[in-house]
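[1] Okay, sequence plus prediction incoming.
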Amino acid sequence: MIVRDLSIENNTERRVDSDGWTSVRLLLKNDGMGFSFHITTIHAGAELHMHYKNHFESVYCMEGTGSITDLATGETHQIRPGVMYALNNHDKHILRADAGGPMIMACVFNPPVTGKEVHGPDGAYAADTELEQTA
Ligand code: 9YT
């Protein structure tokens, strides 16, 4: 069994700070679960352009409000606590947190994130090359 406390892991190398977001990666690839699990804070007013070409991601909003735009359809969905979105088609998207405060999200990635990934210029995380080599 693995038991971890966000308030403790927030002060370890599991915490990643990037442009517009902070994430604590509570489960990573080396935990052997087949997915990674993150608690991510989208900073107030941030607008993030993302495209996880190499991963599926599901996100559940726990706190805060904002929106997500599906760039394939142009459709914008409001996000508030209780709303989940799943990027089941590696959907290119824009995630925005309202200016009034941050959004706090629980995120799952398949395949799991390995560690310190931040977005490349294309909005993606690199593929897990170890996986590709063994596939
Ligand atoms: C909401 C969202 O896009 N989460 C992505 C996970 C986070 N940026 C991370 O831990 O890499």
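    Everything's here; your move.

[2] for whatever residue of the chain ends up closest to the ligand, what are its contacts?
    Nearest residue of the chain to the ligand, counting by Cβ to the nearest ligand atom: Ser23, 3.0 Å away. Every residue, glycine included, has its C-beta placed from N, CA and C. By Cβ atoms under 8 Å, 6 or more residues apart in numbering, Ser23 lies in contact with 15-16, 38-41, 107.

[3] From the chain's centroid, how far away is stretch 59-74?
    12 Å (Cα atoms, centre = their mean, to the nearest Å).

[4] so which strand or helix has the residue of the chain closest to the ligand?
    strand 21-27 (DSSP states H and E).

[5] show me what contacts the nearest residue in space to Ala124 that is not next to it in sequence?
    Once flanking residues are discounted, Ala124 sits nearest to Lys53: 4.5 Å by Cβ to Cβ, 6 or more residues apart in numbering. Neighbour list for Lys53: 90, 122, 124, 127 [criterion: Cβ under 8 Å, 6+ apart].

[6] Could you pick out the buried ones from those?
    Ala124 (16 or more other Cβ atoms under 10 Å).

[7] beta partners for the residue nearest to the spatial centre of the chain?
    By Cα atoms, centre = their mean, the chain has its centre lying nearest to Cys107, at 5.2 Å. When bridges are called by DSSP bridges, Cys107 pairs up with His38, Val59.

[8] Would you agree it is in contact with Thr40?
    Yes: between Cys107 and Thr40 a contact is recorded at 5.2 Å, counting by Cβ atoms under 8 Å.

[9] anything in contact with each of these two?
    With Cβ under 8 Å, 6+ apart, Cys107 and Thr40 have common neighbours 23, 59.
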